[in-house]
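Peer 1: Build me a structure from this.
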Amino acid sequence: QVQLVESGGGLVQAGGSLRLSCAASGRSTNPYAMAWFRQAPGKEYEFVGSITWSGGNTDYADSVKDRFALSRDYAGNTVHLQMNSLKPADTAVYYCAADSSNVGLGSYHSSDYDYWGQGTQVTVSS
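Peer 2: Numbers count the residues shown, from 1 in each chain. Got it, this is the predicted structure:
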């Protein structure tokens, strides 16, 4: 079992930055890939980015590439999502997710992940 807890959301003006964190606890001894998704009101989950178990590789959606950056902190078993140059279109609830069957880059499909956090709201004002 893996428990995921997100933090760091909030309200920011367009062009600003936020850093989201996802702390994992209670994990099994198996490694896993982690990803961030977001969901805007009335829309489906949208893949944001993923990071491998080793932290050596990352993948991003085109909509956030060059603005968002993922990192992995093994000491705290935490994944961070640094979000820069935020736009109103980035407004959503952001979720971290873990795929316990995958140590590589995570899938773009939310259904492939077996553990989810509760989500954290990010609101970008224009």
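
Peer 1: show me where this structure has helices.
Peer 2: Ranges of helices in the chain, per DSSP state H: none exist.

Peer 1: which sections of it are below the confidence cut-off?
Peer 2: 27-30, 75-76 (pLDDT under 70).

Peer 1: Find the centremost residue of it, please.
Peer 2: Central residue of the chain (C-alpha atoms, centre = their mean): residue 36, 2.3 Å from the mean position.

Peer 1: Can you name the residues that contact the closest residue to it other than its chain neighbours?
Peer 2: Leaving out its chain neighbours, the residue that sits closest to residue 36 by C-beta to C-beta, 6 or more residues apart in numbering is residue 48, at 4.2 Å. Every residue, glycine included, has its C-beta placed from N, CA and C. By C-beta atoms under 8 Å, 6 or more residues apart in numbering, the residues touching residue 48 are 35-38, 60-61, 64, 68, 81, 94.

Peer 1: I'd like to know how far the closest residue to residue 77 other than its chain neighbours sits from residue 124.
Peer 2: Residue nearest to residue 77 in three dimensions, not counting chain neighbours: residue 24, with 4.8 Å by C-beta to C-beta, 6+ apart. The gap separating residue 24 from residue 124 is 26 Å, by C-beta to C-beta, to the nearest Å.

Peer 1: Please apply the same query to residue 46.
Peer 2: Counting by C-beta to C-beta, the separation of residue 46 from residue 124 is 15 Å.

Peer 1: what's the burial count for the nearest residue to residue 93 once chain neighbours are set aside?
Peer 2: Nearest non-adjacent residue to residue 93, counting by C-beta to C-beta, 6+ apart: residue 119, 4.3 Å away. Look at residue 119: counted by other C-beta atoms under 10 Å, it has 17 neighbours.

Peer 1: Next, work out how far apart residue 119 and residue 55 are.
Peer 2: Taking C-beta to C-beta as the measure, residue 119 falls 23 Å from residue 55.

Peer 1: do residue 22 as well
Peer 2: With distances taken as C-beta to C-beta, residue 22 is found 13 Å from residue 55.

Peer 1: Which one's more surrounded, the two?
Peer 2: Higher neighbour count among residue 22 and residue 55: residue 22, with 26 against 14, using other C-beta under 10 Å.
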